[in-house]
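**Q** Predicted model follows, preceded by the sequence.
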Amino acid sequence: MPSRFWALLVLLLGLQLPWIGRPPHYDEANFLVLAQGARLDPWRPHDIPINWQGSTESAFAVLSNPPGIAWWLAPVLSVPVPLQRLWMLLWLPVALWGAWQLGRRFLNSPEAAGILLLGNPIVLISGAALMPDAPLYALVLAGTARFLDEQDQGKLGLGGAFLLGLAATFRYSALPLPLVLAAMAFLAGRRWVGSFLGFLPLLLLCLHDLHAYG
């Protein structure tokens, strides 16, 4: 990648550093509980008790979030919070790469999309948050960019579709996005069937949940 990419990445990371020591707050507590569940039993991260609405229940019955963030945070659960937040910042290079590629394609200016990340409140607020938002947009941006690059090479775009589909294991709101890839390929007169591989990660997660929780 050119030096401009690395300069933007340094700026993105630098904007996060003043807030890296803030304590967990609000919904971050949800995901730290899930991470504790993943550490106790990686196959059943939701099988941990939580008192979220006044009574103690299984997290599976209370928290409507997929386990991706729990698995991601589990390895750093015992380290100080600033290090946990630095761990979350590993998603920023992924997001910037995706934005850079999409900016090159649609704006003929890779820097433009990268600069948009610098001023995006979602990125600035969630970049170091102990929540699934950063993985969500990083995987969506990178997956979409990879899918289009693969299509340019005459491929089905399986790698990009699968990468985008992984976003649904962090936030269920990413579930319909493979259909967006299909529409983009269809409107471009390309083969769109590969986009449906984007549903595979969630399908595997459903099979996992059936086995793990019945």
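**A** Nice, thanks for sending it over.

**Q** Could I get the contacting residues of Ala142?
**A** Taking Cβ atoms under 8 Å, 6 or more residues apart in numbering, we find Ala142 in contact with Val94, Ala95, Trp97, Gly98, Leu163, Leu164. (Each C-beta comes from the backbone N, C-alpha and C, glycine too.)

**Q** from those, which single one is nearest Leu141?
**A** Gly98 (2.8 Å; Cβ to Cβ).

**Q** Which residue is the nearest non-sequential neighbour of that closest one?
**A** Leu141 (2.8 Å; Cβ to Cβ, 6 or more residues apart in numbering).

**Q** Please save the CA atoms from the helix or strand the one you found falls within in PDB.
**A** Assigned by DSSP states H and E, Leu141 falls within helix 133-152. Taking Å, rounded to 0.1, in the frame of the first residue of the first chain, the C-alpha atoms of helix 133-152 are listed here in PDB:
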ATOM      1  CA  ASP A 133     -19.500  -2.200  15.600                       C
ATOM      2  CA  ALA A 134     -15.900  -1.900  14.400                       C
ATOM      3  CA  PRO A 135     -15.800  -5.500  13.200                       C
ATOM      4  CA  LEU A 136     -19.100  -5.000  11.500                       C
ATOM      5  CA  TYR A 137     -18.200  -2.100   9.300                       C
ATOM      6  CA  ALA A 138     -14.600  -3.400   8.800                       C
ATOM      7  CA  LEU A 139     -15.900  -6.700   7.400                       C
ATOM      8  CA  VAL A 140     -18.600  -5.000   5.300                       C
ATOM      9  CA  LEU A 141     -16.100  -2.600   3.700                       C
ATOM     10  CA  ALA A 142     -13.400  -5.200   3.200                       C
ATOM     11  CA  GLY A 143     -15.800  -7.900   2.000                       C
ATOM     12  CA  THR A 144     -17.500  -5.600  -0.500                       C
ATOM     13  CA  ALA A 145     -14.200  -4.400  -1.900                       C
ATOM     14  CA  ARG A 146     -12.800  -7.900  -2.100                       C
ATOM     15  CA  PHE A 147     -15.900  -9.200  -3.800                       C
ATOM     16  CA  LEU A 148     -15.700  -6.500  -6.500                       C
ATOM     17  CA  ASP A 149     -12.000  -7.100  -7.100                       C
ATOM     18  CA  GLU A 150     -12.600 -10.800  -7.500                       C
ATOM     19  CA  GLN A 151     -15.400 -10.100 -10.000                       C
ATOM     20  CA  ASP A 152     -13.100  -7.900 -12.000                       C
END
